[in-house]
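# the following block contains a protein sequence and its predicted model.
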Amino acid sequence: MDKKRAFIILGPPGAGKGTHAARLITDLDLSNISTGDILRDAVKSGTELGRKAQEYMERGELVPDEIVIPIVEEKIVSDRASGFFFDGFPRTLNQADALDEMFSRRRIAVEKVIYLSTPDRVIVERLCGRRVCKVCGATYHVKNIPPIKAGVCDSCGGELIIRTDDDEKTVLNRLEVYRRQTADIINYYRGKGLLTEINGALPVDEVYPRILDALGPKPSAVSSGPGAQGGMTGDDQ
Ligand code: AP5
């Protein structure tokens, strides 16, 4: 059996990890493992996991490792995809060690880690203007990446809502938590020679080709067309 591929996208809240992951998994035919999405789905469904995670997420704190790590392992074991794209995991050095351990027991290798460096002022502006589709999870921004029709998802027609952790106070705490608990991961992967830093403050259509370049030669399915993240119509919400 061929070795499975794995890629990781790192960066502060609002750096654009989810926006680019949504395009990359389609273009590169990978399975997306977004711990934020998994946890939000659990909160929405009212599962035990969701009940445990909700209070941490609403405060902008990290959900404890002993809750998050088993979720990722379960996904890796059950998913038959040819490779994985990790968005939002790992987020602590302990999670990074756990991922190495999971991979060493299977034929999986981290090929590249993309780090989207983005200054705080850009992050606050992005997160306070973010809108997400209640139905399919597609992400927009009221000014930068607006939907064609205000408040309505271009992809599925679902209602666009504000994430509960996107108010300014929680965003500032998420940034603090990122600096305190997640930033060390950058040096961890840099030390392994896997990291490529990309300026995440550039417009989406300038960042995306840089990510594709950094990931290296890919299957012929790689597309260079515009993504599914809504056009620049100038329509505000
Ligand atoms: P998670 O969902 O992972 O949130 P995050 O890391 O804070 O990142 P975001 O989803 O807020 O931002 P993003 O980088 O994906 O940006 P996006 O593409 O949306 O985690 C949420 C919570 O879950 C955590 O706080 C924690 O509690 C918990 N959690 C998750 N994983 C965990 C783990 N491993 N361990 C413990 N706890 C965990 O873009 C943002 C906005 O900017 C959008 O409006 C977008 O349209 C716009 N935009 C994006 N790129 C550009 C661009 N280049 N130019 C202009 N606008 C842009």
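Cool, got the structure. The shown structure was predicted, so the numbers you read here are calculated from the model rather than taken from an experiment.
# every contact and neighbour count from this point should use C-alpha atoms.
Will do.
# what average pLDDT does stretch 125-136 get?
Mean per-residue pLDDT for stretch 125-136: 95.
# buried stuff in the longest helix seen in the chain?
Using DSSP state H to define each element, the chain has its longest helix at helix 65-78. Neighbour counts using 16 or more other Cα atoms under 10 Å place 68-69, 71-72, 76 of helix 65-78 among the buried residues.
# centre of the chain to the helix or strand that it is followed by, how far?
The helix or strand immediately downstream of helix 65-78 is strand 83-87, counting by DSSP states H and E. Its chain's average C-alpha position is 9 Å from that of strand 83-87, according to Cα atoms, centre = their mean, to the nearest Å.
# residues in contact with the next helix or strand after strand 83-87?
Counting by DSSP H and E, the next helix or strand C-terminal to strand 83-87 is helix 93-104. When contacts are defined by Cα atoms under 8 Å, 6 or more residues apart in numbering, helix 93-104 is touched by residues 65, 69, 73, 89-90, 109, 182, 184-185, 188.
# mind redoing it with 6 Å?
Pro90 (Cα atoms under 6 Å, 6 or more residues apart in numbering).
# could you list the buried residues of that helix?
Using 16+ other Cα under 10 Å as the test for burial, helix 93-104 gives 93, 95-96, 98-99, 102-103.
# same question for stretch 211-218.
Neighbour counts over stretch 211-218 (16+ other Cα under 10 Å) mark 211-212, 214-215 as buried.
# one more: stretch 105-119?
Using 16+ other Cα under 10 Å as the test for burial, stretch 105-119 gives 108-110, 112-118.
# now swap in stretch 166-180 and tell me
Residues 166, 170-172, 174-175, 177-178 are the ones in stretch 166-180 that count as buried (16+ other Cα under 10 Å).
# and of those residues, the nearest to the ligand?
Proximity of the buried residues of stretch 166-180 to the ligand (Cα to the nearest ligand atom) peaks at Arg174, which lies at 6.0 Å.
# tell me the contacts of the residue nearest to that closest one when sequence neighbours are not counted?
Take Arg174 and drop its neighbours on the chain: the residue closest to it by Cα to Cα, 6 or more residues apart in numbering is Gly60, 4.9 Å away. Applying Cα under 6 Å, 6+ apart, we find Gly60 in contact with 170, 173-174.
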